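> Predicted model, plus sequence, below.
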Amino acid sequence: MDRIVQAEPGAHYNALSRAEGWAGLCDNTLAFRRPELAAILALWREQTKDGAAPYRHCMTPQLLRAHLPHIAIYERVQPAQGARRYRVRLMGTKFSQVMGDFTGKFIDDVVPAQFLSRWYAALDAVLDAGVPLRFLSRSDTSGKAFLFGEFLEAPLLSPDGAMNMLFAASIYTPAASWREIAGDEPLFVPVKPVSVS
């Protein structure tokens with residue numbers, strides 16, 4: 001798949017979110033409300049080399065030990081004669097409590113079809129931009145719309161140097177409305193480019 005060149009990482013996700021009516025936002029300012037996510041971003045940045053995403057093997061269980069329950073790792077697989085798919089390599093226990101344990105499964109085998117474009121849009125946004133992104137989203141996929149998640153998603157390199165992996169860290173919070181979870185942060189905002197380092 002050719003990389004999409006865009007001036008504003010996450011802009012395509014936000015456009016789809018508006019068009020499809022998702023309760024979701026991609027924000028590349030990385031202004032996390034949850035300090036745990038800011039701490040995980042700092043760990044990811046410590047593993048970067050010359051502004052490039054870290055290799056998957058650099059994000060070890062020892063490095064992420066305090067955060068593993070909140071972590072998921074995905075791999076984009078693109079057969080020569082087929083459309084891209086995402087395989088879940090790891091899904092932590094806190095992530096699994098909300099979504100179900102997808103470890104070892106393809107997303108399109110476990111996520112209802114009406115939510116696939118939303119999942120793919122978020123994962124594609126990160127790999128296409130090659131930078132970490134922040135997402136806010138209601139947990140519609142698992143039928144738990146009373147939960148909102150704040151996510152860090154960041155690219156990773158596979159052993160051969162291809163940028164086809166990423167990890168996500170999520171913190172879910174019960175909330176009755178977008179305003180309750182995000183305060184005055186609007187559901188849809190234009191995003192501005194931010195540097196990786």
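Great, that's in hand. Residues are numbered from 1 along each chain as shown.
> going forward, measure contacts between C-alpha atoms and count neighbours the same way
Fine.
> Can you tell me, leaving aside adjacent residues, what's nearest to the one residue sitting closest to the centre of the chain?
For the chain, residue 153 is the residue whose C-alpha lies nearest the centre (CA atoms, centre = their mean; 3.4 Å). Using CA to CA, 6 or more residues apart in numbering and skipping the chain neighbours, the partner closest in space to residue 153 is residue 168 (4.3 Å).
> residues in contact with the lengthiest helix in the chain?
When the chain is parsed with DSSP state H, its longest helix is helix 113-129. By CA atoms under 8 Å, 6 or more residues apart in numbering, the list of residues contacting helix 113-129 from outside reads 3-6, 9-10, 12-13, 16-17, 22, 26, 107-108, 132-133, 141, 153-155, 163-166.
> Quick check: next helix or strand after it?
strand 133-138 (DSSP states H and E).
> other SSEs contacting that next one?
On a contact count with 3 or more CA pairs under 8 Å, 6 or more residues apart in numbering; DSSP states H and E, strand 133-138 meets strand 24-27, strand 147-156.
> make it 10 Å
strand 24-27, helix 113-129, strand 147-156, strand 165-174, helix 178-182 (3 or more CA pairs under 10 Å, 6 or more residues apart in numbering; DSSP states H and E).
> Over to residue 15: give its phi and psi.
Main-chain torsions, residue 15, degrees, to the nearest 10: phi -60, psi -40.
> Could you do residue 53 as well?
The phi/psi pair for residue 53 (degrees, to the nearest 10) is phi -60, psi 150.
> Then residue 101?
phi -90, psi 110.
> OK, contacts around it?
Contacts for residue 101 (CA atoms under 10 Å, 6 or more residues apart in numbering) come out as 88, 90-95, 110.
> before we move on, back to that, the residue nearest to residue 153 pairs with what?
Beta bridges link residue 168 to residue 72, residue 153, judged by DSSP bridges.
> Can you give me the distance of it to residue 83?
22 Å (CA to CA, to the nearest Å).
> more neighbours, those two?
residue 168 (23 against 9; other CA atoms under 10 Å).
> roughly how far apart are the more buried one and residue 133?
10 Å.
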